[in-house]
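Engineer: After the sequence you'll find the predicted model.
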Amino acid sequence: MKILLAIDDSPFTEASIQTLIAQFDPAKTEVRVINVVEPITISAPPQMDPQYYPELREQIKEAQTLVDRVAKKLQGAGFRVSSAVEKGDARSAIVDAATAWKSDLIVLGSHGRKGLSRFLLGSVSEAVARHAPCSVEIVRMPAAS
């Protein structure tokens, strides 16, 4: 089984990792860990290359550190793991990565936004579930007691 694990730097990532470890046999599972860095979209002067975003360098470096840490944790649990940092809109980048890698399943966390914040910020997990080429498991944090 090929599982695409989409992560960010939040507590929801740890819940997703633990769910993956608990549910799947490492001997039969290959995992690709990805993090998507979303550039701030501002108007660039016409003479500037649209792909030039100097502020992304540090974000990409941090994202690579994150995916490397998660990949190492999953390798320690016995999984075959690869990793990648993508740039762009998280919703489409996750779906595109799953399509290109021919994933059997996408696992990602849900921030559980409701109301106005969900309307303004959108729901990555909901968009991925609607457009994914494969099954999607959305991991939520356990309710605080």
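Structural biologist: Noted; the coordinates are in hand. If you're wondering where the values come from, they're calculated on a predicted model, not measured in any experiment.

Engineer: Just the element for the residue nearest to V85 when sequence neighbours are not counted, please.
Structural biologist: Nearest non-adjacent residue to V85, counting by Cβ to Cβ, 6 or more residues apart in numbering: A63, 4.4 Å away. Yep, even glycine has a C-beta here, placed from its N, CA and C like the rest. Per DSSP states H and E, A63 falls inside helix 56-76.

Engineer: picking that back up, confidence score at the residue nearest to V85?
Structural biologist: On pLDDT, A63 comes in at 94.

Engineer: M48 now?
Structural biologist: 54.

Engineer: Give me the neighbour count for T99.
Structural biologist: 14 (other Cβ atoms under 10 Å).

Engineer: residues in contact with the residue nearest to V85?
Structural biologist: N35, V37, V85 (Cβ atoms under 8 Å, 6 or more residues apart in numbering).

Engineer: Quickly note the distance from it to G88.
Structural biologist: Remark: distance between A63 and G88 (Cβ to Cβ, to the nearest Å) = 12 Å.

Engineer: Can you tell me the SS state at E137?
Structural biologist: strand (DSSP: H, G, I helix; E, B strand; the rest coil).

Engineer: Please name the bridge partners of it.
Structural biologist: V107 (DSSP bridges).

Engineer: Let me know how buried E86 is, in neighbour terms.
Structural biologist: 19.

Engineer: which SSE is it in?
Structural biologist: Here E86 is assigned to strand 80-87, by DSSP H and E.

Engineer: buried set for that strand?
Structural biologist: Buried residues in strand 80-87, defined by neighbour count with 16 or more other Cβ atoms under 10 Å: V81, S83, A84, V85, E86.

Engineer: Please look at the second one and T65 and confirm they touch.
Structural biologist: Read it as S83. No. Look at S83 against T65 with Cβ atoms under 8 Å: they stay out of range, at 10.8 Å.
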